[in-house]
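[1] need a 3D model of the sequence below.
(2 chains)
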Amino acid sequence: MNSLLARFPVRLLIGLAAPALLIGWWQWQASAHIVSFAPPAAVGSALVEMLRSGDLLRDTLSTLARAFTGLAIGAPLGVALGIAMGIWKPVDRVLGPLLHALRQVPMIGWLPLMGLWFGVGEGTELIVVSMSAFFPSMLNSHAGVAEVERRYLEVGSILRFGTVQRIRFILLPAAMPLVLTGITQALAFAWIATIGTELLTGAGSGLGVAMGQAQMQQRLDVMLVVIGATAALGFVINHLFRRLRRSALRWQPSLP
Amino acid sequence: MTPYPHAREDRLSAKTGRGELIVSDLNKSFTINGQPRRILDNINLTVRPGEFVSIVGASGCGKSTLLRLIVGLDTEYSGELRLDGERIATTSLDRGIVFQDHRLFPWMTLEQNIELALLNTDTPRARRAQIVADHIALVNLKGFEKAYPHQLSGGMAQRAAIARALVTEPRLLLLDEPLGALDALTRVHVQSELQRIWMAQRSTMVMVTHDVEEALYLGDRVIVMSPNPGRIRRIVEVDLPHPRDRRSPLLHRLKDEILAELTSGADADGDAGNLVHLPSREAR
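    So this is what the prediction gives:
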């Protein structure tokens, strides 16, 4: 029974059950006119139209590019700083309090300030997305290095490891599970921040921009297509990254 | 019988030292709740090159602390610790250690773990793979080179840890309850392995254990320690050649003697004072 449930087609079917129910409920809502809802058929035709015009593809690609550029800037900085803070206490003492205070501000909260400084546009969006990726990477990497077990460090001392050897052969690999957890979180945060900033700044193209425009044009069908695309893409990216993480950590006894 | 009846191998005689450990007037205190507490009190001991010495004693007698001092992880002590005449001030590749927990790095395979021990030795890179393979064979783990530690059983992981400690050919190998975490059956098996490895390797070994039988089976001498503070109470010579037979009447007689010694500890005159001052420690 368990092995049957674990099979991919079966899992896919079970996973699709809830969305199917949602669509059924939605069709009923749409025909009953309780709240403003576009019926699934209308959304379907909007999807076809947006696919044909290339709008959906264009918006998806610019959102993806923005999210991954932000990730590519924020995550390495966060990992590097988090590891540095874990290895050298003075770095943590000096920068830790400031960073922990700053991260209390929701990332979207930085938009007005960044907008004033850099103007409402690509630069501001990228800064906010990078910051969203930065914090979870930093916090998890820091914890990963700080929580390395002393008994492994003692082995390093017995084998006469120098500083670089200690970092390379003990601290980094021991911290890797949490570093990757941080990057996985950074990915999710960057994705959310991208859609959020796009929606608020409305600059250029992107799924968030399309959402904002659909709201102004009262195109419920378009809005729902974009929401669906955002959810599906986010899900796929996260899933792929979790697989990547698992293969990078195959030395661990078992992973959830 | 001579103190060390086994002819030494070329590989060890080629080294500068032969693995003679001298502990003289060693004292060690820890500060607990702001008060200094003596852990090791005036320890004097000479371990002959190539000898296997076992140390037994109740928990809290400082036997693990003694090993941490000898290996160089803890360097705050008074008195003298010398290996082949050289004062011990820090860790060294001349002194290896096996802990109760195997401490293999979980992110590396068995092979990588053992090879990593050679990182800071002057062993030529070209020879390293062969030396690692030899040591894996020595501890009977052929076929598990690519296994990660979590894929090994407790006994296998412990043998791998022994291989990692031996691969640098230390003059002195310290064993801190190396078999303490193993089940009884595996334990007996790894004890025999350890005896075989020691006979093949011939480096000086000092093993801490709380298992008197194990101490006697492996040791040329057994050091009996008493707690509060840690002192050497008695040194027992085990005048039996290796490999040994567990059923030997001599081992059984010595075991009864040592156990009597260890359990009568609290009544002895010397420790009565400690009982009064430190009742909580005895109650544990």
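
[2] CA atoms for contacts and neighbours, from now on please.
    Noted.

[3] by contact count, what packs against the longest helix seen in chain A?
    In chain A, with assignment by DSSP state H, the single longest helix is helix A:55-87. For helix A:55-87, the elements it packs on are helix A:89-102, helix A:122-146, helix A:172-201, helix A:207-216, judged by 3 or more CA pairs under 8 Å, 6 or more residues apart in numbering or on different chains; DSSP states H and E.

[4] show the pLDDT at the residue of the stretch 101-250 of chain B found nearest chain A.
    Residue of the stretch 101-250 of chain B nearest chain A, by CA to the nearest CA: residue B:107 (5.2 Å). With respect to pLDDT, residue B:107 scores 94.

[5] how about it: what's its closest non-neighbour residue?
    Distances taken as CA to CA, 6 or more residues apart in numbering or on different chains put residue A:251 closest to residue B:107, at 5.2 Å, once the chain neighbours are dropped.

[6] thinking again about what came up before, residue B:199: which of the helices and strands packed on helix A:55-87 is closest?
    Within those, the stretch nearest residue B:199 is helix A:172-201; the backing value is 36.0 Å (CA to CA).

[7] buried set for that closest one?
    Across helix A:172-201, burial judged by 16 or more other CA atoms under 10 Å in any protein chain shown covers A:172-201.

[8] from memory residue B:83 sits against residue B:45, does it?
    No: Residue B:83 is beyond contact range of residue B:45, at 11.9 Å (criterion: CA atoms under 8 Å).

[9] compare neighbour counts for these two and give me the winner.
    Neighbour count, other CA atoms under 10 Å in any protein chain shown: between residue B:83 and residue B:45, residue B:83 has more, with 22 against 16.

[10] for residue B:170, see how far away the more buried one is.
    Look at residue B:83 and residue B:170: by CA to CA, to the nearest Å, they are 11 Å apart.

[11] could you look up the SS state of residue B:59?
    coil (DSSP: H, G, I helix; E, B strand; the rest coil).

[12] equivalent analysis for the one 10 residues further on, please.
    Using three-state DSSP, the structure places residue B:69 in helix.

[13] could you count how many residues lie near the closest residue in space to it that isn't next to it in sequence?
    Nearest residue to residue B:69, sequence neighbours excluded (CA to CA, 6+ apart): residue B:75, at 6.1 Å. Residue B:75 is flanked by 15 other residues according to other CA under 10 Å.

[14] now do the phi/psi pair for the nearest residue to residue B:68 once chain neighbours are set aside.
    Distance criterion CA to CA, 6+ apart; nearest residue to residue B:68, sequence neighbours excluded, is residue B:74 at 5.7 Å. Main-chain torsions, residue B:74, degrees, to the nearest 10: phi -120, psi 120.

[15] where does the stretch 151-256 of chain A have low pLDDT?
    By pLDDT under 70, the weakly predicted segments of the stretch 151-256 of chain A are A:254-256.

[16] residue B:84 versus the residue nearest the centre of chain A, what's the distance?
    What sits nearest the mean C-alpha location of chain A, by CA atoms, centre = their mean, is residue A:188, with 1.6 Å. Distance, residue A:188 to residue B:84, using CA to CA: 59 Å.

[17] again, but for residue A:184
    From residue A:184 across to residue B:84, the span is 53 Å (CA to CA).

[18] can you count the residues close to the residue of the stretch 101-250 of chain B closest to chain A?
    Neighbours around residue B:107, by other CA under 10 Å: 20.

[19] ok, residue A:233 next?
    Per other CA under 10 Å, the neighbour tally for residue A:233 reads 15.

[20] I figured residue B:42 hits residue B:27, correct?
    Yes: counting by CA under 8 Å, residue B:27 is a contact partner of residue B:42 at 5.3 Å.

[21] so between these two, which is more surrounded?
    residue B:27 (21 against 18).

[22] you'd agree that one is in a strand?
    Yes: residue state for residue B:27 (three-state DSSP) corresponds to a strand.

[23] surely it and residue B:44 touch.
    No: applying CA under 8 Å as the test, residue B:27 and residue B:44 come out as separate, 9.8 Å apart.

[24] hmm, back to that, if I look at the residue nearest to residue B:69, what pLDDT would I see?
    In this model, residue B:75 is scored at 90, pLDDT.
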